[in-house]
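Colleague: The sequence and its predicted three-dimensional model are supplied below.
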Amino acid sequence: MSWVSIALIAFVCMWIYERGRVQRLRREKRALIERVEQVESVAAPATVEQDEIDSAELKELRERVQVLERIATDENSSEARKAQRIAREIESLRGDIARRSSEKTEDVSE
């Protein structure tokens, strides 16, 4: 046998081996894709339900943060301070009116 025929036989054997290996890899790839699709079809409803729960919880938390921001900013705004000052003045005037009326009733009763 010549060296050329030995090289040709070795080349054909390697080609057959690689061809079989490629076919095995393609079969394994198809099997993996099928398994992934099965898992996704089973897990999809649970994921959608969990996403709905998460989005509802996120919405509720955002509403709470908005309320807290409004409380924090309303109490410290200049308008809120003015309103608080006016409310204190009204209360002090009510107290003055109550004192005057009680003094008048004391004067009348004496």
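Modeller: Perfect, thanks for sending it. Residues are numbered from 1 along each chain as shown.

Colleague: quick one, helices of this structure?
Modeller: Using DSSP state H, the helices of the chain run over 3-76, 78-109.

Colleague: Could I get those in a markdown table, plus columns for mean neighbour count and mean pLDDT?
Modeller: Every residue, glycine included, has its C-beta placed from N, CA and C. Formatted as a markdown table, the helices of the chain follow (neighbours: other Cβ atoms under 10 Å; pLDDT from 0 to 100):
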| stretch | mean neighbour count | mean pLDDT |
| --- | --- | --- |
| helix 3-76 | 10 | 85 |
| helix 78-109 | 10 | 77 |
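
Colleague: tell me the centre residue of this structure?
Modeller: Nearest residue to the geometric centre of the chain (Cα atoms, centre = their mean): residue 58, 5.0 Å.

Colleague: if I look at it, how far off is residue 68?
Modeller: Residue 58 is 16 Å from residue 68, where distance means Cβ to Cβ, to the nearest Å.

Colleague: go on, residue 35?
Modeller: Distance, residue 35 to residue 68, by Cβ to Cβ: 47 Å.

Colleague: do the same with residue 11
Modeller: According to Cβ to Cβ, residue 11 stands 76 Å off from residue 68.

Colleague: likewise residue 77?
Modeller: Taking Cβ to Cβ, one finds residue 77 at 15 Å from residue 68.

Colleague: Check residue 4 too.
Modeller: Taken as Cβ to Cβ, the span from residue 4 to residue 68 is 86 Å.

Colleague: What of residue 25?
Modeller: 57 Å.

Colleague: go on, residue 47?
Modeller: Counting by Cβ to Cβ - residue 47 and residue 68 are separated by 31 Å.

Colleague: Tell me how far stretch 51-60 lies from the chain's centre.
Modeller: Here stretch 51-60 is found 7 Å from its chain centre; the criterion is Cα atoms, centre = their mean, to the nearest Å.
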